[in-house]
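Peer 1: build me a structure from this.
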Amino acid sequence: MYHKPLAWLDGGLEDWLPVTHADLARRIRAVSHLQGHFTLRSGRVATEYFDKYRFEGDPVLLDEIAQRMAQLVPSDTEVLAGLEMGGIPVVTALGRHTGLPCAFVRKQAKPYGTCRLAEGAEVGGRRVLVVEDVVTSGGQIALSTADLRGLGAEVREALCVIDRQQGGAETLATENIRLVSLLSAGDLRAAAA
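Peer 2: Numbers count the residues shown, from 1 in each chain. Next comes the predicted model:
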């Protein structure tokens, strides 16, 4: 079980309280859950949205997320590969907790400078874990994994913070990618109860 700091009112020493799976789900939901009309990357329309930038922009919450995700990283992983743009802060925080090098994967190679698709750690010939923030259809993970495999990376899993449970795991399975998630949309809905 991981712990979170709680500053004393006098600004002195910190106390430590346990962070449970349900507590983490409640905190992410409180920070990130929006209601309205949202068109997702997949083209689907949703009435609720988990705004990833809100939990990614909270350094304390993101650190707690990364601590929990570190337990889910396969032991033979050599490189963590965060997908542009939401996977970048997650992979950076996760790298702090695992000590693994990170690659930052663009949607397409930049046409200047290094002209690379994957910046940072080398991925060719290495066991790579794809890291994403929120998965809906799994489309971007499938595309980026194909690109990484084209560079010689061995990719068998993808790890995300939230699986929206809208077919992403099934789509990725057809590409021989196992989706592992810290939380599901169901966990976040249960946290509202």
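
Peer 1: give the contact list for the residue nearest to residue 117 when sequence neighbours are not counted.
Peer 2: Once flanking residues are discounted, residue 117 sits nearest to residue 109: 4.3 Å by CB to CB, 6 or more residues apart in numbering. In this view, the C-beta of every residue, glycine as well, is placed from N, C-alpha and C. Counting by CB atoms under 8 Å, 6 or more residues apart in numbering, residue 109 makes contact with 115-117.

Peer 1: turn those into JSON lines, including secondary structure.
Peer 2: As requested, the contacts of residue 109 are exported to JSON lines (DSSP: H, G, I helix; E, B strand; the rest coil):
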{"residue": "115", "secondary structure": "coil"}
{"residue": "116", "secondary structure": "coil"}
{"residue": "117", "secondary structure": "coil"}
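
Peer 1: for those, which one is nearest residue 51?
Peer 2: Closest approach to residue 51 among these (CB to CB): residue 117, at 27.1 Å.

Peer 1: isn't that closest one up against residue 108?
Peer 2: Yes: using CB atoms under 8 Å, residue 117 is in contact with residue 108, at 7.1 Å.

Peer 1: and these two? Which one has more around it.
Peer 2: Shown here are residue 117 and residue 108; by other CB atoms under 10 Å, residue 117 has more neighbours (20 against 9).

Peer 1: ramachandran coordinates for that one?
Peer 2: When read as degrees, to the nearest 10, the backbone of residue 117 gives phi -80, psi -40.

Peer 1: what is the nearest of the contacts of residue 109 to residue 29?
Peer 2: residue 117 (33.9 Å).

Peer 1: tell me the pLDDT at that closest one?
Peer 2: On the pLDDT scale, residue 117 is placed at 91.

Peer 1: list the contacts of it.
Peer 2: Residue 117 makes contacts with 105-106, 108-109, 147, 151, as judged by CB under 8 Å, 6+ apart.

Peer 1: what's the farthest-apart pair in these?
Peer 2: Farthest apart among those - using CB to CB - are 108 and 151, which lie 13.2 Å from each other.
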